[in-house]
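**Student:** give me the fold of what follows.
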Amino acid sequence: MKKVTVYTDGSSLGNPGPGGYGAILFYKEHKKEISGGEAHTTNNRMEMRAVIEALSLLREPCEVELYSDSRYVIDSVTRGWVYSWQKNGWKKADKSPAQNRDLWETLLPLLERHRVSFIWVKGHADNEYNERCDELAVAFAKSLKKTEGEKADDTGNA
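**Tutor:** Below is the predicted model of the structure:
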């Protein structure tokens, strides 16, 4: 299997609010940066989207070292919570609905396809690639916020 290193981050300006994600993929000497976002979302959704979008780019099953500062994503997978939610009809232990089911249903098949090792990194702690992913995510979120502001100005509703 090819070995790929991935860094991811997500951001939202408001929770919910405009959000962005960023990811950097490394394979041998190749490096690819991606970003995107949604106009009305949460930080956790953007953290998940970063992982989904990065893994979706891989054309064949790979061994992936995935670095993220998202305890939500990492703990949900590595501690098996998401698999319990799925088994229990997307209900948590307290019977409340599991959040972000749509994204988990997209992510789980990708985790089956690839051999992913999750590595937690402390956010905003001088990790070069985590910082770059944060820059990509925040920039996209800000671009959506600016676009929303322009739409409000166009309609006369600020």
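**Student:** any idea how far residue 126 is from residue 48?
**Tutor:** Computed as CB to CB, to the nearest Å, the residue 48 to residue 126 distance reads 25 Å. The C-beta positions use only the backbone N, C-alpha and C, and glycine is treated the same way.
**Student:** where in the protein is pLDDT low?
**Tutor:** Residue ranges of the chain with pLDDT under 70: 147-158.
**Student:** and the strands in it?
**Tutor:** When assigned using DSSP state E, the strands of the chain occupy the ranges 2-12, 17-27, 30-41, 62-68, 115-120.
**Student:** dump those strands to a markdown table, plus distance to residue 80.
**Tutor:** A markdown table is the format used below for these (distance: least, CB to CB, whole Å):
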| stretch | distance to residue 80 |
| --- | --- |
| strand 2-12 | 20 |
| strand 17-27 | 24 |
| strand 30-41 | 26 |
| strand 62-68 | 17 |
| strand 115-120 | 12 |
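**Student:** closest one to residue 88 among these?
**Tutor:** Of all these, it is strand 115-120 that lies closest to residue 88, at 22.3 Å by CB to CB.
**Student:** got the CA coordinates for the closest one in PDB?
**Tutor:** The C-alpha coordinates for strand 115-120 follow below in PDB (Å, rounded to 0.1, in the frame of the first residue of the first chain):
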ATOM      1  CA  ARG A 115      -5.800   1.900   6.700                       C
ATOM      2  CA  VAL A 116      -5.900   5.200   8.700                       C
ATOM      3  CA  SER A 117      -3.900   5.900  11.800                       C
ATOM      4  CA  PHE A 118      -5.200   9.000  13.600                       C
ATOM      5  CA  ILE A 119      -2.700  11.200  15.300                       C
ATOM      6  CA  TRP A 120      -3.800  14.100  17.500                       C
END
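**Student:** check which residues of that strand are buried.
**Tutor:** Residues of strand 115-120 classed as buried: 116, 118 (neighbour count, 16 or more other CB atoms under 10 Å).
**Student:** with that, I have no additional questions.
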